[in-house]
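output the structure for:
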Amino acid sequence: MDSGAVVGFWERLGLHQLFSPNTNSAADVPVTASSNTSDTTKVVSNPTKRHEGIGQVCDNTNEKKMRSERQRARADRPRRPERAEARECPGSARRKKLARSNSARPDLISGGSKRGFPNSVPLPLTGILELTDEQLRKSKFRRILENSELIDLEELRKVSWNGIPTELRAEVWKLLLGYVPPLRTRHASTLSKKRSQYWDLANQTFEVITDEDSLPPYERKMYQQIAVDVPRIDSSIPLFTCAKIQKALFRLLYTWATRHAATGYVQGMSDLLVPFMSAFLEPHVGKALADLSVDDVDGLWPIFSDIEADLYWCLGNFLGTVQDNYTFAQPGIQKMLFQLSVIVRRIDESLAEHLKKHDIEYIQFAFKWTNCLLVREFTLPDIMRIWDTYFSEESSFASLHTYLCAAIIIHFKTEIKNLKETQDLMYYLQHLPLENWSLGDIESLISQAYVYKQQFHESPSHLNTSSPVQLHTSSSPDKKCASISSSNTKRERKKSREKLSGSAPCPRVEYPNAAARSSTSTNSPIAIKTDKRKKRIKEQASPAFFPNSV
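Next up is the predicted model:
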């Protein structure tokens, strides 16, 4: 074989630079041409590059072997039957078959990507998708109540604002009302001490009464009023018709009224016991208060003594936040009704004018809203949901209650405006259709009241409807007009005060400008008064006024 054939052979293999017959390992050799072929052979001048081609060939060969081994290992890897079957289907048919196989097992979800790689881990959905909103809320409350020795009241108020689970409502209400301390280790001792104190007070005030006529006039009047109101407590619930329950509530209310002489007993306080009774009894009986009958009293009586004591302390702490509503002349209720009228006028002035046109006063229909705190207006589950939010308020709930009453009136504004007769309008306001509201309606009502509170209560200037005209900051003709209007308003208020006081206004000389003031006669009252004042100042400054100074 001649040298040209050898060079052509190595050239086709890409190794002619390394195995050329004319290469010299000791020195660089120039390019030579063969006589038998037209191919030229390039001799590498740098001997250090001769090993690069061999390494490259080895790398390519090893990579191909490793790739083929990975493919064989992937092919031999076990797959789930449904994915192996679906992988054999091309295109959309494969995706449909894969979807059918996954839908056949709704309890599993693939932990891999959307393409369904075989190494995906099935995750169980049981315990995740089956949790309802009620269960999630319970878990939040239990985490706050049980995971720490010191209960975070701030966090508890936040989660309670949106409603409290039924079986946890009694415990949460006692915490929010301050009946039990936030330290869990002191709950049992505090409850035992408070219950013992209540029965000591009841034995000293109620149990010693032998005859109604032996009481002082003030206490006798309270005794008679409580005796009339207790049998009227929500007669639709059979439990309140039981004689034992009525006597227990009578003892509770009379003990509280005698221990709080500033407020005493006010008609309507008895209705406030119904939500507390429902909250404290339902965890023990496992059913709603309305489902209890008179026959269930015997089974409840062993624990009712503790419930009666809890009712006494929680009612007292609750009424302590709105004590002005039940003192003499009830100034708290009057203030709330006035604020209610101002809020309604600010939100919808046409509605306020419609009520004013028919001589409708807010005290005629909204007094019981503030006195009984809407207990007589809503159903028991609805009012307990509203009270969950009331107890969650950091300060007194009185302001939120006022805005809630305003939200009720605004909700029925269309029906109120359509009534043209005063008698029909008054009857409708006193009997608003609130019995068939759902929990969602109550949530919307509370949310609307919160919006009104943030809009007006945090900015009291929004409610100042009798303020004078505001001045413009820019220099314009309107500024002068506003100033004149403001001064006229002040002058009118001054005249009205003088008219009410019965005193005649002082004589006043008004001058339209300075020129007219300078041209006035010196015999005017103002000029005479000014001359006398100047003369008195001059005499006091003369040496004769200070005889000992010389």
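
residue 325: neighbouring residues, count only.
22 (other Cβ atoms under 10 Å). For the C-beta atoms, the positions are set from N, CA and C on the backbone; glycine is no exception.

oh, that last question was meant for residue 181, not what I typed.
Neighbour count for residue 181, taken as other Cβ under 10 Å: 15.

ok, residue 208 next?
9.

quick one: pLDDT of it?
With respect to pLDDT, residue 208 has a value of 85.

confirm residue 219 sits in a strand?
No: if the criterion is DSSP: H, G, I helix; E, B strand; the rest coil, then residue 219 is helix and not within a strand.

so how far is residue 330 from it?
Separation of residue 219 from residue 330 (Cβ to Cβ, to the nearest Å): 20 Å.

same check, this time on residue 135
44 Å.

for residue 364, same thing?
To residue 330, residue 364 is 15 Å away according to Cβ to Cβ.

looking at the two, which is more packed in?
Per other Cβ under 10 Å, whichever of residue 364 and residue 330 has more neighbours is residue 330, with 18 against 12.

hey, where'd the helices end up in the stretch 101-250 of the chain?
133-146, 153-160, 169-176, 187-205, 217-229, 243-259 (DSSP state H, counting those that start in this stretch).

check which residues of the fifth one are buried.
What that stands for is helix 217-229. Buried residues in helix 217-229, defined by neighbour count with 16 or more other Cβ atoms under 10 Å: 219, 222, 223, 225, 226, 229.

what secondary structure does the residue lying closest to the second one once chain neighbours are set aside sit in?
Excluding the flanking residues, the one nearest residue 222 by Cβ to Cβ, 6 or more residues apart in numbering is residue 265, at 4.6 Å. Residue 265 carries the three-state label coil when classified by three-state DSSP.

one more: residue 297?
Reduced to three states with three-state DSSP, the structure at residue 297 is helix.

list the contacts of it.
Taking Cβ atoms under 8 Å, 6 or more residues apart in numbering, we find residue 297 in contact with 239, 242, 244, 245.

if I look at residue 314, how far off is residue 327?
Separation of residue 314 from residue 327 (Cβ to Cβ) stands at 20 Å.

higher neighbour count, the two?
Between residue 314 and residue 327, counted using other Cβ under 10 Å, the more crowded position is residue 314 (22 against 15).

show the pLDDT at that one.
Confidence score, pLDDT, at residue 314: 95.

work out for me the element it sits within.
Assessed by DSSP states H and E, residue 314 sits inside helix 297-320.

next, the angle helix 169-176 makes with that helix.
Relative orientation of helix 297-320 versus helix 169-176 (axes from the mean of the first three to the mean of the last three Cα atoms, to 10 degrees): 30 degrees.

still on that earlier bit, how about JSON lines for the helices of the stretch 101-250 of the chain, with distance to residue 396 added?
Below are those laid out as JSON lines (distance: least, Cβ to Cβ, whole Å):
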{"stretch": "helix 133-146", "distance to residue 396": "23"}
{"stretch": "helix 153-160", "distance to residue 396": "14"}
{"stretch": "helix 169-176", "distance to residue 396": "13"}
{"stretch": "helix 187-205", "distance to residue 396": "23"}
{"stretch": "helix 217-229", "distance to residue 396": "25"}
{"stretch": "helix 243-259", "distance to residue 396": "19"}
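
output those helices as a markdown table; include the columns mean pLDDT and distance to residue 306.
What follows is the helices of the stretch 101-250 of the chain, written out as a markdown table (pLDDT from 0 to 100; distance: least, Cβ to Cβ, whole Å):
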| stretch | mean pLDDT | distance to residue 306 |
| --- | --- | --- |
| helix 133-146 | 88 | 20 |
| helix 153-160 | 94 | 23 |
| helix 169-176 | 95 | 11 |
| helix 187-205 | 94 | 6 |
| helix 217-229 | 91 | 22 |
| helix 243-259 | 93 | 12 |
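
against residue 433, how distant is residue 422?
Separation of residue 422 from residue 433 (Cβ to Cβ): 20 Å.

give me phi/psi at residue 395?
With angles defined as degrees, to the nearest 10, residue 395 sits at phi -100, psi -160.

same question but for residue 292, I mixed them up
The phi/psi pair for residue 292 (degrees, to the nearest 10) reads phi -80, psi 140.

and the pLDDT at the residue nearest to it when sequence neighbours are not counted?
Nearest residue to residue 292, sequence neighbours excluded (Cβ to Cβ, 6+ apart): residue 239, at 4.6 Å. We have a pLDDT of 89 for residue 239.

ok, back up a step: among the helices of the stretch 101-250 of the chain, which is nearest residue 335?
Nearest to residue 335, of all the helices of the stretch 101-250 of the chain, is helix 243-259, at 23.1 Å by Cβ to Cβ.

check which helices and strands that closest one sits against.
Applying 3 or more Cβ pairs under 8 Å, 6 or more residues apart in numbering; DSSP states H and E, one finds that helix 243-259 contacts helix 187-205, helix 217-229, helix 273-285, helix 297-320.

try 6 Å
Counting contacts by 3 or more Cβ pairs under 6 Å, 6 or more residues apart in numbering; DSSP states H and E, helix 243-259 packs against helix 187-205, helix 217-229, helix 297-320.

quick one: the last one to helix 273-285, angle?
Just to be clear, that refers to helix 297-320. Calculated by the same axes, to 10 degrees, helix 297-320 forms an angle of 140 degrees with helix 273-285.

enumerate the positions of helix 297-320 that are buried.
In helix 297-320, counting by 16+ other Cβ under 10 Å, buried: 297, 300, 304, 306-319.

in a helix, that's where residue 376 is, yeah?
No: note on residue 376: no helix contains this position according to three-state DSSP, which reports coil.

look up how far residue 349 lies from it.
For residue 376, the distance to residue 349 - Cβ to Cβ - is 29 Å.

which of these two has more neighbours?
residue 376 (15 against 11).

was I right about residue 378 contacting residue 433?
No: judged on Cβ atoms under 6 Å, residue 378 makes no contact with residue 433 at a distance of 11.2 Å.

who's more crowded, the two?
residue 378 (18 against 9).

angles on the backbone of the more buried one, please.
The phi/psi pair for residue 378 (degrees, to the nearest 10) is phi -110, psi 170.

and for residue 132, the neighbour number?
8.

what about residue 381, how many residues close to it?
By other Cβ under 10 Å, 17 other residues sit near residue 381.

over to the one 3 residues further on?
Residue 384 sits with 24 neighbouring residues when counted by other Cβ under 10 Å.

returning to that earlier point: for the helices of the stretch 101-250 of the chain, which one sits closest to residue 407?
Between residue 407 and the helices of the stretch 101-250 of the chain, the tightest spacing by Cβ to Cβ is seen for helix 153-160, at 20.2 Å.
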